[in-house]
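Peer 1: Here you go, sequence then predicted model.
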Amino acid sequence: MATDLRVGIFVDVENIARNGGYGMRYDVLRDFASRGVEGEPVRLNAYVAFDEDRARDDEQYEANADNFHSALRDFGYKVIRKPVKWMTDEAGQEYGRSNADLEMAVDILLQSDRLDRILVGGSDSDLVKVVQAVQNKGCRVEVLGFDHVSLMLQEEADLFVSGYLVPRLLPTRGGEGPWGAEGSRVRGVCYSFSHDRGFGFIRYMDRISTGLWNIDTRNDDSPYSSAFAHETEFPSEIEVEDLPSREHLFEFTLVQSDRGLQAKDITVVR
């Protein structure tokens, strides 16, 4: 049942892109954050790094940045440009840095009074305190990231979701048909494995829906499905003795077999 919850999205674009989320679809992110909600999200803030010095000398860089920022605005995001600052390390090497954490934290605090659910896209532990502060004000805070997400941040959130698992959020490596259809590539976690029989099952989110807590794929209301996975389909770098495991994420092709949907061509995402 749809609700009238007020939703806000705050995304550190540079952090997401640098930590596994390059190519993330911001329209899908919007759909995910607003799942089960009636109407439009209230706030959508995208904090982007922008090298003003490079833009003056590199027309292609400026054009690419403008096109990306325009696409974000088309999806309803407010684009907050954070200038890249150039510094020199101890070895005399220059490096660029753009940190959106502070401004994003301040905006979350100031704007949370009119929000019920906040989705934070990022990975830094610096965000833990602001998550706690906003929760104390009555907001539900969800965190989405890909790689190198602070464990403290994951544990502090009301819900942490790996962006790899959200349908269509990040492109897959090939596959035919929409996410979850036969022949498509999806991502999931091996939650069950029988070492005596040499097979297990991989659970994947087959649609963006409410009830993400409902991981029992036998339940019709669950947004998850599962695929049979034989030990011979896992890549060589995976020790099947370590399965099942929540530490590994897998990408695989869905095919029909006498056991139902089966995972083929399994690769390791992380």
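Peer 2: Structure received.
Peer 1: Quote the end-to-end distance of stretch 235-254.
Peer 2: 16 Å (CA to CA, to the nearest Å).
Peer 1: Now find how far off-centre that stretch is within its chain.
Peer 2: 19 Å (CA atoms, centre = their mean, to the nearest Å).
Peer 1: List the buried residues of that stretch.
Peer 2: Of the residues in stretch 235-254, 238, 240, 243-244, 248-254 count as buried by neighbour count, 16 or more other CB atoms under 10 Å. Every residue, glycine included, has its C-beta placed from N, CA and C.
Peer 1: and if you look at stretch 208-224?
Peer 2: Neighbour counts over stretch 208-224 (16+ other CB under 10 Å) mark 208-209, 212, 217, 222-224 as buried.
Peer 1: just stretch 180-189 next, same as before
Peer 2: Across stretch 180-189, burial judged by 16+ other CB under 10 Å covers 180, 184-189.
Peer 1: on that earlier part again, widest-spaced pair of the buried residues of stretch 208-224?
Peer 2: Longest distance between any two of those is 16.1 Å, between Ile208 and Thr217; criterion CB to CB.
Peer 1: all helices for the stretch 151-270 of the chain, in order.
Peer 2: 151-156 (DSSP state H, counting those that start in this stretch).
Peer 1: show me what contacts the closest residue to Trp179 other than its chain neighbours?
Peer 2: Counting by CB to CB, 6 or more residues apart in numbering, Trp179 lies nearest to Pro167, which is 4.3 Å off, once chain neighbours are set aside. Applying CB atoms under 8 Å, 6 or more residues apart in numbering to Pro167 gives the contacts 28, 179-180, 186, 205-208.
Peer 1: just His248 next, same as before
Peer 2: 189-190, 238, 268-270.
Peer 1: could you dump the buried residues of stretch 208-224 to a markdown table with pLDDT and distance to Val141?
Peer 2: Below are the buried residues of stretch 208-224 laid out as a markdown table (pLDDT from 0 to 100; distance: CB to CB, whole Å):
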| residue | pLDDT | distance to Val141 |
| --- | --- | --- |
| Ile208 | 97 | 19 |
| Ser209 | 95 | 20 |
| Leu212 | 96 | 15 |
| Thr217 | 95 | 27 |
| Ser222 | 97 | 24 |
| Pro223 | 97 | 20 |
| Tyr224 | 98 | 23 |
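Peer 1: which stretches of this protein have low pLDDT?
Peer 2: Flagging of the chain using pLDDT under 70 yields the residue ranges 1, 86-98.
Peer 1: Show me which helix runs longest in it.
Peer 2: As assigned by DSSP state H, the longest helix anywhere in the chain is helix 59-74.
Peer 1: other SSEs contacting that one?
Peer 2: strand 43-50, helix 52-57, strand 78-83 (3 or more CB pairs under 8 Å, 6 or more residues apart in numbering; DSSP states H and E).
Peer 1: State the distance from Gly145 to Ala17.
Peer 2: 11 Å (CB to CB, to the nearest Å).
Peer 1: Please tell me I have it right and Ser225 contacts Ile202.
Peer 2: No: using CB atoms under 8 Å, Ser225 is not in contact with Ile202; the gap is 9.6 Å.
Peer 1: hang on, the earlier thing: next, the buried residues of the longest helix of the chain.
Peer 2: Across helix 59-74, burial judged by 16+ other CB under 10 Å covers 62, 65, 69, 72.
Peer 1: can you tell me which of the helices and strands packed on helix 59-74 comes nearest to Leu110?
Peer 2: Across the helices and strands packed on helix 59-74, closest to Leu110 is strand 43-50 (CB to CB), at 10.3 Å.
Peer 1: if we can go back for a sec, among the buried residues of helix 59-74, find me the one that's closest to Val130.
Peer 2: Val130 lies nearest to Leu72 out of the buried residues of helix 59-74, by CB to CB, at 22.2 Å.
Peer 1: Might one say that the closest one is in contact with Asn45?
Peer 2: No: look at Leu72 against Asn45 with CB under 8 Å: they stay out of range, at 10.1 Å.
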